[in-house]
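> coordinates for the following, if possible.
(2 chains)
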Amino acid sequence: MTFALITGSGRGIGLATARELAGLGAGLALVDRAFSAEALALLSDLRVDGRTAVSAVIDLADPESAVEALWTLVDSVPAIDVLVNNAGWLQVRPFLEIPFSEWQQHLAINLSGMFLAAQVVLPSMVARGTGRIINIASELALTGMPYYVAYCAAKGGVIGFTKALAREYAPAGIRVNAVAPGPTITPMLTEMTGEYTEEVRLSIPAQRFGAPEDVARTVAFLAGPGGDFYVGQVLSPNGGTVI
Amino acid sequence: MTGAGQGIGRTIATMLADYGASVAVNDIQAASAEDTATSICVAGGEALAVQADVSRADDVAQMVALITDRWKEVDILVNNAAYMSMAPLLELQEAAWDRVLAVDLKGHYLTCRAVLPSMLANRWGRIINIASEWGITGAAGATHYAAAKAGVIGFTRALALEVAAQGVLVNAIAPGVIDTPQLQVDADYAGRPLEAMKDAYVAHIPVGRLGRPRDIALTVLLLVWESGDFYSGQVFTPNGGSSYF
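The predicted structure follows:
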């Protein structure tokens, strides 16, 4: 049975990814700072079916406690076959109003969190000669966006991180790739921006916003046989907004 | 499914049929098209062999007429038919340039034009154009092929923008080095035996193997299932790490 560790899986894209991988038979280790009722119910239903499905409250912004908690988690579950680095954080603000601490928080959660999780998960993947790491970036890392400077910087870093890590570990049988979602309706974005308007919807070539499931299915693809010949690539389900 | 007599096209056709699609198997050679179609039918799938040279508008029209006669309309078009030759620019004959551009680029225009009306009427269609890593990176000896494959990418993006609002999603796949009969062209150009050519390629592919037709077919499946519903104008690059991008 495939076992997946998914960060930022208490809600939104992370939770949709958990559902998708569970639907394909995976066991789950979910990591977040808080879990929605839906996430907890998913885990409980899986356990009733005899699946290994656990959650851990971990704050990736605090490196020392995060690393310790990740190791504790990883040591208590089956070997991780798939790591989905999905944890993300966003504050929308004009550049000159960004305090340095908020810049650092963007990097800590959106980028450094991936570094920490990958360092914990990779040794076992290398030992077994197999593994998949999927990093959730953003189409905004490719284009930039006013008032999103810290977020775009961190997500851009995710792409560089993905490409370099992919090249380093491809010979070891491990595949590392990124998904750069387009305008997707998630709790994080709904809370932060009022941008999901009809006017914006009509500006998207596919004429609809993305759903978390659109991202989740691409993650599942990269985690499966279809992902085996992809090395350090960025797949962007974005309805045609970034071509 | 154009160019489905062998290689990547044959595998895509077979896998689409395995997953329940009725597949029109096109190739410029009738015998190879029939061979693929027969093998699909023998395995319990539905297939129809349709010979056509995709660079000829009348061939394409005839082909689509045969298909719609049998199955009413085309929901999924995979433009895979391709012709490749190699020569340094100064030795590249005009006829060779014209042939590669006609099959590898104009062929996409002709087939899309033939199937688009019913896709638009149904507000559902999936068009997948097979380009090449060389359409992005170029390759010495392949100016015409690289131009055509880069053209496929531009064509894909423009068409995607035209039709996405009507439920037709157009994307491209730019494969890296795949183990197919077409590699013989590379080997001949390099003056090497085929196996030595393959070994030379593998030495530069981080995953340590050539691509298989199945690697490309799986991306096609991503795009024709629900998982492809939010992709428009994208270029997928399965290449085992052989590219610099």
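
> does anything pack onto the lengthiest helix in chain B? Which helices or strands?
Counting residues, the longest helix in chain B under DSSP state H turns out to be helix B:143-163. Counting contacts by 3 or more Cβ pairs under 8 Å, 6 or more residues apart in numbering or on different chains; DSSP states H and E, the secondary-structure elements packed against helix B:143-163 are helix B:94-101, helix B:107-122, strand B:125-130, helix B:134-137, strand B:168-173. Every C-beta, even on glycine, is put in place using the N, C-alpha and C of the backbone.

> using CSV, write out every CA atom in it.
Included here for helix B:143-163 are C-alpha records, laid out as CSV according to Å, rounded to 0.1, in the frame of the first residue of the first chain:
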residue,chain,number,x,y,z
THR,B,143,16.2,23.0,-37.8
HIS,B,144,13.1,22.1,-39.8
TYR,B,145,11.9,19.6,-37.2
ALA,B,146,12.6,22.0,-34.3
ALA,B,147,10.8,24.8,-36.2
ALA,B,148,7.7,22.5,-36.8
LYS,B,149,7.6,21.3,-33.2
ALA,B,150,8.0,24.8,-31.9
GLY,B,151,5.2,25.8,-34.2
VAL,B,152,3.0,23.0,-32.7
ILE,B,153,3.5,24.7,-29.3
GLY,B,154,2.5,28.2,-30.6
PHE,B,155,-0.4,26.7,-32.5
THR,B,156,-1.5,24.8,-29.4
ARG,B,157,-1.5,28.0,-27.3
ALA,B,158,-3.3,30.1,-29.8
LEU,B,159,-6.0,27.5,-30.5
ALA,B,160,-6.4,26.9,-26.8
LEU,B,161,-7.3,30.5,-26.3
GLU,B,162,-9.8,30.4,-29.1
VAL,B,163,-11.8,27.4,-27.9
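
> what are the ranges of the helices in chain B?
In order along the chain, chain B carries the following helices (DSSP H): B:7-18, B:30-42, B:57-71, B:94-101, B:107-122, B:134-137, B:143-163, B:183-190, B:194-202, B:213-224.

> do you know how far the residue nearest the centre of chain B is from residue B:149?
The centroid of chain B falls nearest to residue B:80 when counting by Cα atoms, centre = their mean (1.6 Å). Summarising the geometry, the distance separating residue B:80 from residue B:149, computed by Cβ to Cβ, to the nearest Å, is 12 Å.

> would you mark the buried spots in the longest helix of chain B?
By neighbour count on 16 or more other Cβ atoms under 10 Å in any protein chain shown, the buried set for helix B:143-163 is B:143-153, B:155-157, B:159-160, B:163.

> measure the residue sitting furthest away from the middle of chain B to chain A for me?
For chain B, the largest distance from the centre (Cα atoms, centre = their mean) belongs to residue B:90, which lies 27.9 Å off. When distance is defined by Cβ to the nearest Cβ, to the nearest Å, residue B:90 is 35 Å away from chain A.

> what about that residue, distance to residue B:186?
Here residue B:90 is placed at a distance of 20 Å from residue B:186 (Cβ to Cβ).

> now could you export just the CA positions of stretch A:118-137 as PDB?
These are the backbone C-alpha positions of stretch A:118-137, laid out as PDB (Å, rounded to 0.1, in the frame of the first residue of the first chain):
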ATOM      1  CA  ALA A 118      12.100  16.600   2.400                       C
ATOM      2  CA  GLN A 119      15.100  16.200   4.700                       C
ATOM      3  CA  VAL A 120      13.100  14.000   7.000                       C
ATOM      4  CA  VAL A 121      11.500  11.900   4.300                       C
ATOM      5  CA  LEU A 122      14.300  11.400   1.800                       C
ATOM      6  CA  PRO A 123      16.700   9.100   3.700                       C
ATOM      7  CA  SER A 124      14.200   6.300   3.700                       C
ATOM      8  CA  MET A 125      13.300   7.000   0.000                       C
ATOM      9  CA  VAL A 126      16.900   6.700  -1.000                       C
ATOM     10  CA  ALA A 127      17.400   3.500   1.000                       C
ATOM     11  CA  ARG A 128      14.400   2.000  -0.800                       C
ATOM     12  CA  GLY A 129      15.400   3.400  -4.200                       C
ATOM     13  CA  THR A 130      12.000   4.900  -4.800                       C
ATOM     14  CA  GLY A 131       9.800   7.800  -3.900                       C
ATOM     15  CA  ARG A 132       7.800  10.800  -5.100                       C
ATOM     16  CA  ILE A 133       7.900  14.400  -3.900                       C
ATOM     17  CA  ILE A 134       5.300  16.800  -5.200                       C
ATOM     18  CA  ASN A 135       5.700  20.500  -4.300                       C
ATOM     19  CA  ILE A 136       2.700  22.800  -4.600                       C
ATOM     20  CA  ALA A 137       3.900  26.100  -6.000                       C
END
